[in-house]
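S.K.: next input, structure requested:
(one chain, ligands or ions: 1)
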Amino acid sequence: MPLTGEYKPSTADWARTQAEEYEASQGAKANTLRGVPIIVLTTVGAKSGALRKTALMRVEHDGRYLVVASKGGAHDEPKWAENMRRHPHVELQDGATKRDYTARELTGDERALWWTRAAEVWPDYDNYQKRTDRQIAIFLLEPRTE
Ligand code: F42
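M.R.: Numbering: from 1, shown residues only. I've put the predicted structure just below:
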């Protein structure tokens, strides 16, 4: 069941532009960052209840996706992370395909396994973690059946 609601654009111009161009072109344009594929995540705003669309690196394994709340190693966490804690039903667009997923924050061994997978795709994640005292949250997105 797709998410419904008013879309509220991100205040980060570069990221907003990439997310909107990617979605409008069915993933045919604006689909990489430094040559590495991205996806677009849609979350429901924790405060606004609006739809928020966020370009993120594509980390996929067996039909499940990982999203990394790095924000370049900033000390403040990206807002979309709290959106997902409040509203775990999210949408993810990978190329022309958009599906519904349930987000689950990872800890322990599961977190370590998926962090390794993420750093294989985007090695800078390790550098981002060195820049901040906060443990960068990561979320596993598992396909919703209903
Ligand atoms: N960011 C990452 O964290 N990880 C990545 O792997 C990543 C890859 C990537 C690839 C391409 C690209 O173009 C951007 C990429 N980014 C990546 C950046 C990402 O797209 C986001 O810009 C970044 O993570 C920051 O996310 P953010 O949710 O903090 O966005 C800010 C800029 C924003 O839009 N803020 C809004 C605003 O109005 O200030 C609020 C957004 C929001 O969700 N608001 C909540 C609501 O209810 O609507 C309330 C939030 C609150 O509590 O105030």
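S.K.: all helices for the chain, in order.
M.R.: With DSSP state H, the ranges of helices along the chain come out as 13-24, 79-86, 108-121, 124-131.
S.K.: for L140, which of these is the nearest?
M.R.: With CB to CB as the measure, helix 108-121 is the member of the helices of the chain nearest L140 (6.3 Å). In this view, the C-beta of every residue, glycine as well, is placed from N, C-alpha and C.
S.K.: contact partners of the closest one?
M.R.: Residues external to helix 108-121 that are found in contact with it (CB atoms under 8 Å, 6 or more residues apart in numbering): V36, M57, R58, V59, H61, L66, V68, L106, Y125, D126, I138, L140.
S.K.: from those, which would you call buried?
M.R.: M57, R58, V59, L66, V68, L106, Y125, I138, L140 (16 or more other CB atoms under 10 Å).
S.K.: would you check which pair of those residues lies furthest apart?
M.R.: Distance extremes for those: the farthest pair is R58 and L106 at 17.2 Å, using CB to CB.
S.K.: what does this structure have sitting close to the ligand?
M.R.: Residues of the chain lying near the ligand by CB under 6 Å from any ligand atom: 8, 10-12, 14-15, 18, 33, 38, 45-48, 50, 52, 54-57, 68-71, 78-80, 82-83.
S.K.: name only those of those that count as buried.
M.R.: Of the residues of the chain next to the ligand, these count as buried by 16+ other CB under 10 Å: 10, 15, 18, 33, 38, 45-46, 52, 54-57, 68-71, 78-80, 82-83.
S.K.: redo the contacts of helix 108-121 as CSV? Include pLDDT and distance to G95.
M.R.: Below are the contacts of helix 108-121 laid out as CSV (pLDDT from 0 to 100; distance: CB to CB, whole Å):
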residue, pLDDT, distance to G95
V36, 98, 14
M57, 98, 14
R58, 98, 9
V59, 98, 15
H61, 97, 16
L66, 98, 17
V68, 98, 20
L106, 98, 24
Y125, 98, 22
D126, 98, 27
I138, 98, 22
L140, 98, 20
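S.K.: pick out the residue of the protein closest to the ligand.
M.R.: Closest residue of the chain to the ligand, CB to the nearest ligand atom: G45 (2.4 Å).
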